[in-house]
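Peer 1: sharing a sequence plus its predicted fold:
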Amino acid sequence: MLEIEYEFREEDLIHFNEIQFKRSEEIQNNIKKNRWIVPGVMALIGAFYYFYYGNMKSSAYIIVIAMLWALLSPKIMMLDLRRQILKNYTDKEKKNMFGTYTLSIDPGNPNYLFEKSPSGKHKMAWEDLLRVEYGKRYVYIYINLNTALVIPVDTVKKGNLEKFAEQAEKMIERFG
């Protein structure tokens, strides 16, 4: 039986959601618009102040603010996103989400991935799982397009994550 045990934390949830937002074309387009259109309008206002009123000082302030907006707005938006992610969950949901997880593949019952988590025991059919994806510090087993089991490499307490991920990938291909 292949089994891994790992710790799932708040920072892992935030990391996964940030990746999802970075992959979303709609959100990326909104960030680009915010990053370039607002400073562009501000630059036009600065140019108007310079050419119409001859006020170099006010024009320079507006241009500097526009540049700072272009540079800092994506970072500020991501910080706000982190805050909003945690705000979406109640304390009870957080208690059931964060903690020690055990995932196992039982050769005696090869149709399911077994999960023991703070919220209880669950079994997931391999045909319901989409794929296994590898990140720099994470392995993701996707349940649907927006939901995954997030396995942080550095919090694996027991088991061989590499072998487990390879076997999970094979099972998803076999049953999917």
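Peer 2: That came through, no problem. Bear in mind the structure is a predicted one, so any value in this text is a computation, not a measurement.
Peer 1: which SSE is the residue lying closest to Gly159 once chain neighbours are set aside in?
Peer 2: Spatially, and ignoring its direct neighbours in sequence, Gly159 is nearest to Ile4 (3.5 Å; C-beta to C-beta, 6 or more residues apart in numbering). Every C-beta, even on glycine, is put in place using the N, C-alpha and C of the backbone. Using DSSP states H and E, Ile4 maps to strand 2-8.
Peer 1: give me the helices and strands touching that strand, please.
Peer 2: Other elements packing on strand 2-8 under the criterion 3 or more C-beta pairs under 8 Å, 6 or more residues apart in numbering; DSSP states H and E are strand 99-105, strand 148-152, strand 156-158, helix 161-175.
Peer 1: export the ones you listed to JSON lines and append columns for mean pLDDT and distance to Lys33.
Peer 2: Listed next are those as JSON lines, based on pLDDT from 0 to 100; distance: least, C-beta to C-beta, whole Å:
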{"stretch": "strand 99-105", "mean pLDDT": "95", "distance to Lys33": "39"}
{"stretch": "strand 148-152", "mean pLDDT": "95", "distance to Lys33": "29"}
{"stretch": "strand 156-158", "mean pLDDT": "95", "distance to Lys33": "40"}
{"stretch": "helix 161-175", "mean pLDDT": "92", "distance to Lys33": "37"}
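Peer 1: that concludes my questions; thank you for your assistance.
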